[in-house]
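Engineer: When you get a sec, could you give me coordinates for this:
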Amino acid sequence: MNAAADPAAGFAREVEAMILARAQRGDMQAFAELYRYFGRACFQLALRILGQRQHAEDMVHEVFLKMMDTIRSYRGDAPFGAWLKRLTVNACIDQLRRQRHPAEDDAELAFANAQSADAEAADIVDTGALLARLPPRARAVVVLHELEGYTHTELAGLFQQSESYSKSVLARALKRLNALVSAAPMSAQVLPWPIKN
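Structural biologist: Below is the predicted model:
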């Protein structure tokens, strides 16, 4: 099965040049086709980064509106899905910046606040629940680094911070996830990636 026929292909899905050309001319049916191809992948990525369904749904709308405004700048240097994924990540990071609380600038304080808000470790049942226990920026760093393959250099640019900030947030987040997983019953531990320190 090729990526174009596979609804689970996410951002790897191939798009016909004709659909892109029509979208670049403002054809609403072409935009609807692109939404059908990539809406779910955008939502899933936004949900992993932002941690809240409503925020992720709003983000998908925002990303597709931005895509409609900027698609003329898409030159085809990279696959369209990669370009759209980058739009999604940038929009999510912008959202985190808008929500930013002064306490989040202090990673130690953010983790202490998140730790004090924890429910019982036995309630942890999946990766989403684990990621939800992290402060928003820490969750974004974990998702982008561990699941999406972003480098610390790329994360530093996205967050307008140093690489050491990204590394520190990631190390603390992974330490926290390890502690949560260790405290959870074995039947509740479901992770899509190995947690490494």
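Engineer: so where's this protein shaky on pLDDT?
Structural biologist: Applying pLDDT under 70 to the chain picks out residues 1-8, 100-126, 184-197.
Engineer: Which of the helices or strands spans residue 98?
Structural biologist: Remark: residue 98 resides in helix 80-99, with elements defined by DSSP states H and E.
Engineer: Give the buried residues for that helix.
Structural biologist: 80-81, 83-85, 87-89, 91-93, 95-96 (16 or more other C-beta atoms under 10 Å). (Each C-beta comes from the backbone N, C-alpha and C, glycine too.)
Engineer: now do stretch 25-43
Structural biologist: For stretch 25-43, by 16+ other C-beta under 10 Å, it's 30, 31, 33, 34, 35, 37, 38, 41, 42, 43.
Engineer: Take those residues and keep only those in helices.
Structural biologist: 30, 31, 33, 34, 35, 37, 38, 41, 42, 43 (DSSP state H).
Engineer: how far is stretch 73-91 from where the chain is centred?
Structural biologist: With C-alpha atoms, centre = their mean, to the nearest Å as the basis, stretch 73-91 stands 14 Å off its chain's centre.
Engineer: wait, what's in contact with residue 43?
Structural biologist: Neighbour list for residue 43: 56, 57, 59, 60 [criterion: C-beta atoms under 8 Å, 6 or more residues apart in numbering].
Engineer: which residues touch the helix or strand where the first one lies?
Structural biologist: Spelled out, that is residue 56. Assessed by DSSP H and E, residue 56 sits inside helix 53-70. Contact with helix 53-70 is made by 23, 31, 34-35, 39, 42-43, 46-47, 50, 84, 87-88, 91-92, 95, as judged by C-beta under 8 Å, 6+ apart.
Engineer: what do you get for stretch 163-170?
Structural biologist: The contact list for stretch 163-170 (C-beta under 8 Å, 6+ apart) reads 107, 137, 138, 141, 142, 145, 146, 152, 153, 155, 156, 159.
Engineer: ok, the contacts of helix 53-70 vs residue 176, which is closest?
Structural biologist: For the contacts of helix 53-70, the minimum distance to residue 176 (C-beta to C-beta) is 18.4 Å, reached by residue 50.
Engineer: if we can go back for a sec, list buried residues within the contacts of residue 43.
Structural biologist: 56, 59, 60.
Engineer: gap between residue 72 and residue 134?
Structural biologist: 37 Å (C-beta to C-beta, to the nearest Å).
Engineer: out of these two, which sits in the busier spot?
Structural biologist: Under the criterion of other C-beta atoms under 10 Å, the comparison of residue 72 against residue 134 puts residue 134 first, with 24 against 11.
Engineer: need the contact list for the closest residue to the more buried one other than its chain neighbours.
Structural biologist: Nearest residue to residue 134, sequence neighbours excluded (C-beta to C-beta, 6 or more residues apart in numbering): residue 173, at 5.4 Å. Residue 173 makes contacts with 111, 134, 138, 139, 141, 142, as judged by C-beta under 8 Å, 6+ apart.
Engineer: what helix or strand does the last one sit in?
Structural biologist: Applying DSSP H and E as the criterion places residue 142 in helix 136-142.
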